[in-house]
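> just the structure for this:
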Amino acid sequence: MSEKSGGGRAPSDSGQKPRYNQELAGRAFNQFEAGKFGDAVQSLLELQKQDVSDPKVTHNLAIAQLHAGGSAHKLYDVLQGSQAAAVEEGEETEEDESDTAVLSYNLAVLHYERREFAAAEVLLERVFKVVEAVEESVARRLCLLLLDLYIVQYRPDKAALVVQYLERLASTGVQPKEGGGSDDKKSGSQQMSSDGGAAADVLKFQLHQYRARLHIMTRSMKACKREIKSALNLSNQSATALFLKSNFEFTRRNYRKAIKLLNSCPKSDPHLSGQSLAVMYYNNLATVHFQMGKHSLASLYYGKAIQANEEEAGRAPITGKSRQPLKTEVADRIYELLYNQGLNYLFLGEEIRALQCFKATLLLFNQNPRLWYRMAECCVQHQAKQEDKVRADLIGSFVKVGSAQNTKTVIRAGTSRRQAGEGDLDPLSLRTAIVYLNNALALLSRASSKATESATTSPPGSPAPTVGGDGTAFALPGTFLSPVQEGDIAALRCHILAGLAYSHLGSFNSIEALRYSEELLAVADCPGHLKFLGHMYAAESLIDQQKISLAITHLAPENVGDLSTAPVTTAAGGDDDEAEDVPEVAGQAFTAESAKASLLLNLASAYCMRSDLERAAKALGQVGVLQQGTPAHRQATLLSLYLALSRGDSKAAADIILRNKNSPTRRV
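Modelled structure (predicted):
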């Protein structure tokens, strides 16, 4: 991906610096273009002896050494030094920026590979201001990389100027790179015209590709479909276009069509735009199956993607030097794959393996609050399973003692809920979940405050920060994860607060649980299902504090509102094609009927604690028919039994026991 600067051309200020051997410089350039990187290094070393201080020679030598098998880290250090030297020479003018365009581009490429997107963006935007003075071949690469940066940081609003420049470049024709001379001026001009037309077609295809990616990001599906169709008209067997169309169908929830398009991609070239085709194929295939709810198949394909990535990244022994270090670093997507696999394990109910995957990605994604929230989810889900086991053990621990009329049923001494509380060293404890959730909340608050500060301190006329409600993204540092948009920030914060309230309740800290529940309920645009949970957690916290009257206010049936989760994103302005009827991954956790039943049962329990049996019976009578074997049905049965015994109605209590003695205890 690196661009070698223009052969052996002398610096612009030739009157101040010695003019080196043009023949030797041209020979080095031809050797590099022919793939003879070792010979190019030797020629450049000879050239460097003539002028040690020339930054262009140092720059070209470092790139030739990289392609000859050198280290990308060494190239990074050399380019950083050359950039610093260019800045120290004097004030930065437009001419200076155009002269160092290739240096800035190559340094931005390395920043991109190291996932230092902000640094790469600063370099390229500075050169883009004087892009008209830059050589066209360099300007084209520079603009395409800048578009990649905007896309990976989810900033489609900033890409308009770059796209406009590339459109103008494609319409006027791209000048090809100057090659060897030709004595016949007529044939030379015809060859240049042919090469320029081919280069223009390539640029038009790339423009269709980038515009389609930007339209997918902004959910402009009709415009995206037009761009993909235009790209396929230019190259109907392009793997890039087919992957893009598959992504388009995936966004529109046409999952089977997305799989069909992935399987139709040509496998002739193992690498695609610096990425491994096998890694991209298996990862995308796994993600489609994940969204279809087929998590076992998704786990299989994610495993294949990780294996292919390990082979591409060179962590297995490699013979010879068939791979270049630069390409190896570009192809390494282990952290993104592990995050995807961890999320899939979480949906499979394998919390321990999921947490291991998430922890492995902390090296790159430690500044992303979503990762910390997912790690907390592993702990919460694991502890919920442990609670079910304790409850099942409690149900199975009834024993009979005595004989004949003196027979009694008692509970065997066992593990209580409080004794089942997790230890401090348990990596999946609720106390560990609280740590993860606090980290997520702190990162979210810090990033949000920085964005607000930048929005208020930006000078007049500067571009608006990308935190607006127009679909632009809220940027988080160094991440390929999903964008955290303005609406997502509030929703993610609500999920974190709900998790903190639950975790503190499970850790028997009712005061902190009440604080986070009230903070959750105070959010104006809190999703309905989270607001319901906030009322439930607040009521339980108040009951633990013996504040029954306050708890009853949270258990009113009127608190059950709209329980729908975030709506599924569909094609904006869709066409005649229908989305497939497939199960959604993030479906609704509970219905309005089950939520109302839970509130009424807890309300009846609260009245029982106040010895208000009449109101407890009234609340219990409002509960509809419950499916046998569910926790709500068991709770209703126990409440009915308690009320019958409290009234002294032993016959009704016996009937309740007889009706439910064969009731299944398995959770459905």
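> who touches stretch 300-317?
276, 278-279, 281-283, 285-286, 289, 323, 328, 331-334, 337-338, 340-341, 344 (C-beta atoms under 8 Å, 6 or more residues apart in numbering). In short, each C-beta sits where N, CA and C put it, glycine included.
> report the buried members of these.
Restricting the contacts of stretch 300-317 to buried positions leaves 276, 278-279, 281-283, 285-286, 289, 328, 331-334, 337-338, 340-341, 344, with burial counted as 16 or more other C-beta atoms under 10 Å.
> so which of those residues are in helices?
Judged by DSSP state H, the subset of those located in helices is 278-279, 281-283, 285-286, 289, 328, 331, 334, 337-338, 340-341, 344.
> confidence-wise, which of these comes last?
In terms of pLDDT, the lowest of these is residue 328, showing 44.
> now for residue 259: which residues touch it?
246, 285, 288.
> my read: the first one touches residue 262, true?
Yes - applying C-beta atoms under 8 Å, one finds residue 246 in contact with residue 262, separated by 5.0 Å.
> shared neighbours of the two, anything?
When contacts are counted by C-beta under 8 Å, 6+ apart, residue 246 and residue 262 have residue 284 as shared neighbours.
> who has more neighbours, these two?
Comparing residue 246 with residue 262 by other C-beta atoms under 10 Å, the one with more neighbours is residue 246, at 26 against 22.
> residues near the closest residue in space to the more buried one that isn't next to it in sequence, how many?
Setting aside the residues directly before and after it, residue 246 is nearest to residue 261 in space (C-beta to C-beta, 6 or more residues apart in numbering), at 3.9 Å. Number of residues near residue 261 (other C-beta under 10 Å) recorded here: 21.
> now residue 29
Residue neighbour count, defined by other C-beta under 10 Å, stands at 21 for residue 29.
> just the CA atoms of the helix or strand where it lies, as CSV, please.
Counting by DSSP states H and E, the element that carries residue 29 is helix 22-33. What follows is helix 22-33, C-alpha atoms only, in CSV (Å, rounded to 0.1, in the frame of the first residue of the first chain):
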residue,chain,number,x,y,z
GLN,A,22,19.8,11.1,-12.1
GLU,A,23,20.9,7.9,-13.8
LEU,A,24,21.4,6.1,-10.5
ALA,A,25,18.1,7.4,-9.2
GLY,A,26,16.3,6.2,-12.4
ARG,A,27,17.9,2.8,-12.1
ALA,A,28,16.8,2.4,-8.5
PHE,A,29,13.2,3.4,-9.5
ASN,A,30,13.1,0.9,-12.4
GLN,A,31,14.5,-1.9,-10.2
PHE,A,32,11.8,-1.2,-7.6
GLU,A,33,9.1,-1.2,-10.2
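> pull the distance from it to the chain's centre.
Going by C-alpha atoms, centre = their mean, to the nearest Å, the spacing between the C-alpha centre of helix 22-33 and its chain's C-alpha centre is 44 Å.
> name the next helix or strand downstream of that helix, please.
Following the chain from helix 22-33 toward its C-terminal end, the next helix or strand by DSSP H and E is helix 37-50.
> in terms of secondary structure, what does the next helix or strand after that following helix contact?
Toward the C-terminal end, the helix or strand that comes next after helix 37-50 (DSSP H and E) is helix 55-67. Counting by 3 or more C-beta pairs under 8 Å, 6 or more residues apart in numbering; DSSP states H and E, the packing neighbours recorded for helix 55-67 are helix 22-33, helix 37-50, helix 72-88, helix 101-113, helix 325-331.
> try it again with 7 Å
The elements that helix 55-67 packs onto, with contact taken as 3 or more C-beta pairs under 7 Å, 6 or more residues apart in numbering; DSSP states H and E, are helix 37-50, helix 72-88.
> tell me the angle the first one makes with helix 22-33.
Pointing back at helix 37-50 there. Using axes from the mean of the first three to the mean of the last three C-alpha atoms, to 10 degrees, the direction of helix 37-50 lies 150 degrees away from that of helix 22-33.
> picking that back up, among the ones in helices among the buried ones among the contacts of stretch 300-317, which two are most distant?
Longest distance between any two of these is 28.3 Å, between 289 and 328; criterion C-beta to C-beta.
> please tell me the pLDDT value assigned to residue 367.
Per-residue confidence (pLDDT) for residue 367: 86.
> swap in the one 5 residues further on?
In this prediction, residue 372 carries a pLDDT score of 95.
> can I assume it is in contact with residue 441?
No - with contact taken as C-beta atoms under 7 Å, residue 372 and residue 441 are classed as non-touching, separated by 8.7 Å.
> can you map out the helices along the stretch 501-650 of the chain?
Listed in chain order, the helices of the stretch 501-650 of the chain (DSSP state H, counting those that start in this stretch) span 510-521, 528-544, 548-554, 592-609, 613-621, 631-646, 650-660.
> point out the most buried one among those helices.
Scoring the helices of the stretch 501-650 of the chain by mean neighbour count under mean count of other C-beta atoms under 10 Å gives helix 528-544 as the most buried, with a mean of 23.
> show residues contacting it.
Residues from elsewhere that reach helix 528-544 (C-beta atoms under 7 Å, 6 or more residues apart in numbering): 494-495, 498, 501-502, 505, 510, 513-514, 517-518, 520-521, 550-551, 554-555, 559-565, 589, 595, 602, 606, 609.
> quick one: neighbours of residue 339, just the number.
23.
> which residue comes closest to it once chain neighbours are left out?
Closest residue to residue 339 apart from its sequence neighbours, by C-beta to C-beta, 6+ apart: residue 361 at 4.8 Å.
> contacts only, for that neighbour.
Neighbour list for residue 361: 335, 338-339, 371 [criterion: C-beta under 7 Å, 6+ apart].
> how close does it get to residue 300?
Here the distance between residue 361 and residue 300 works out to 20 Å (C-beta to C-beta, to the nearest Å).
> spatially nearest residue to residue 561, not counting backbone neighbours?
Once its chain neighbours are removed from consideration, residue 561 has its nearest residue in residue 528; the separation is 4.7 Å (C-beta to C-beta, 6+ apart).
> mind checking pLDDT for that neighbour?
Reported pLDDT at residue 528 in the predicted model: 86.
> try residue 469
Spelled out, the predicted local distance difference test score at residue 469 is 34.
> check the contact between residue 144 and residue 207; I expect there is one.
No - proximity of residue 144 to residue 207 does not meet the contact threshold set by C-beta under 7 Å, at 9.2 Å.
> shaky segments in the stretch 301-450 of the chain?
Low-confidence segments of the stretch 301-450 of the chain, defined by pLDDT under 70: 314-331, 390-401, 404-425, 447-448, 450.
> so what touches stretch 642-662?
Counting by C-beta under 7 Å, 6+ apart, the neighbours of stretch 642-662 from elsewhere in the structure are 608, 613, 616-617, 637, 640-641.
> save these as a markdown table, and put in distance to residue 241 and pLDDT too.
Rendered in a markdown table, the data for the contacts of stretch 642-662 read as follows (distance: C-beta to C-beta, whole Å; pLDDT from 0 to 100):
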| residue | distance to residue 241 | pLDDT |
| --- | --- | --- |
| 608 | 66 | 88 |
| 613 | 71 | 88 |
| 616 | 66 | 88 |
| 617 | 67 | 89 |
| 637 | 60 | 87 |
| 640 | 64 | 89 |
| 641 | 66 | 88 |
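> could you dump stretch 235-245 to PDB, C-alpha only?
Only the C-alpha atoms of stretch 235-245 are listed here, as PDB (Å, rounded to 0.1, in the frame of the first residue of the first chain):
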ATOM      1  CA  SER A 235     -17.100  -5.400 -13.200                       C
ATOM      2  CA  ASN A 236     -19.700  -8.100 -12.600                       C
ATOM      3  CA  GLN A 237     -17.200 -10.600 -11.300                       C
ATOM      4  CA  SER A 238     -15.500  -8.300  -8.800                       C
ATOM      5  CA  ALA A 239     -15.200  -9.800  -5.300                       C
ATOM      6  CA  THR A 240     -15.400  -6.300  -3.800                       C
ATOM      7  CA  ALA A 241     -18.700  -5.500  -5.500                       C
ATOM      8  CA  LEU A 242     -20.200  -8.900  -4.600                       C
ATOM      9  CA  PHE A 243     -19.100  -8.500  -0.900                       C
ATOM     10  CA  LEU A 244     -20.700  -5.100  -1.000                       C
ATOM     11  CA  LYS A 245     -23.900  -6.300  -2.400                       C
END
